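> build the 3D model from these lines:
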Amino acid sequence: KIAAGFREKAGGHRRYRCTTTLPERGTDHATHKPKQTPFALSLSTFPVLPRRKKSKMASGVAVSDDVVNTYNDMKLKHNVAYAIFKLGADLKQIEVTTKAPTTASYDDFLNELPPDDCLYAVYDFKYTLKDGGDRNKLVFLVWCPDTAKIKSKMLYASSKDAIKQKLVGIHTEIQATELAEVEYEAVFDKVSSGGTK
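Below you'll find the predicted structure:
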């Protein structure tokens, strides 16, 4: 007969105590059966494994192939100045809404940022090194102004990883809530190292 029970929990460990009955040498003369004596057996202390934390729920939003293709063209061909990506009307997929020609200016890009809604963007940021060499750095922007609706902020925040993992080769990520955070000077300081404007 074996009985086991919870004894104590201390320092992240649970200790169990098991009791069993083992035969004792000799014979009970009244019953002519072997004598039995309770015998205590202490089991070693077992660690209590921590409970797994539940992973944060993903938004379930998909990324369209056009987003990936547009980004790859920017990275390999540099034929797009910037691209704007937004959630579709059904809020189930991130889509391309703007592909700006290489003649577009940085001011044109800033004018694309709505004052009361969120979006993602990739900008092909160009600058010149002091030795005259030109550089291109891909900047990923998460634009979520304070005046945007809470639902929009939550969707874009929870879907950011879904799109970012598709954009292989991003140099700098910027999360901005106001224009001051994406002014040319502010972005240049984050992107460049020893460059000139």
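> could you pull out the helices for the chain?
Listed from the start of the chain, the chain has helices (DSSP state H) covering 65-76, 106-111, 150-164, 184-191.
> for the longest one, list the C-alpha coordinates in CSV.
I take that to be helix 150-164. Written as CSV, here are the backbone C-alpha positions of helix 150-164 (Å, rounded to 0.1, in the frame of the first residue of the first chain):
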residue,chain,number,x,y,z
ILE,A,150,-7.8,53.9,-30.6
LYS,A,151,-8.9,50.9,-32.7
SER,A,152,-6.6,52.0,-35.5
LYS,A,153,-3.7,52.5,-33.2
MET,A,154,-4.2,49.0,-31.7
LEU,A,155,-4.5,47.3,-35.1
TYR,A,156,-1.4,49.0,-36.5
ALA,A,157,0.6,48.3,-33.4
SER,A,158,-0.3,44.6,-33.3
SER,A,159,0.3,44.2,-37.0
LYS,A,160,3.7,45.8,-37.2
ASP,A,161,5.7,42.6,-36.7
ALA,A,162,3.7,40.9,-39.5
ILE,A,163,4.8,43.5,-42.1
LYS,A,164,8.3,44.2,-40.7
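> tell me the angle of that helix relative to helix 65-76?
Comparing the axes of helix 150-164 and helix 65-76 via axes from the mean of the first three to the mean of the last three CA atoms, to 10 degrees yields an angle of 60 degrees.
> quick one: mean pLDDT over helix 150-164.
Per-residue pLDDT over helix 150-164 has a mean of 95.
> how about it: buried residues?
Of the residues in helix 150-164, those buried under the neighbour-count criterion (16 or more other CB atoms under 10 Å) are 152, 153, 155, 156, 159, 160, 162, 163. Every residue, glycine included, has its C-beta placed from N, CA and C.
> what residues does it touch?
With CB atoms under 8 Å, 6 or more residues apart in numbering as the test, helix 150-164 has contacts from 56-59, 61-63, 67, 85, 87, 91, 94, 117-120, 140, 142, 144, 170, 173.
> okay, now the unreliable bits of this protein?
Under the criterion of pLDDT under 70, the regions of the chain flagged as low confidence span 1-59, 193-197.
> at which residues are the strands of it located?
In the chain, strands defined by DSSP state E lie at 2-10, 13-28, 33-42, 46-47, 62-63, 82-87, 93-99, 119-129, 134-143, 172-176, 195-196, listed in chain order.
> re earlier: closest to residue 110 out of the buried residues of helix 150-164?
The nearest member of the buried residues of helix 150-164 to residue 110, counting by CB to CB, is residue 156 at 18.5 Å.
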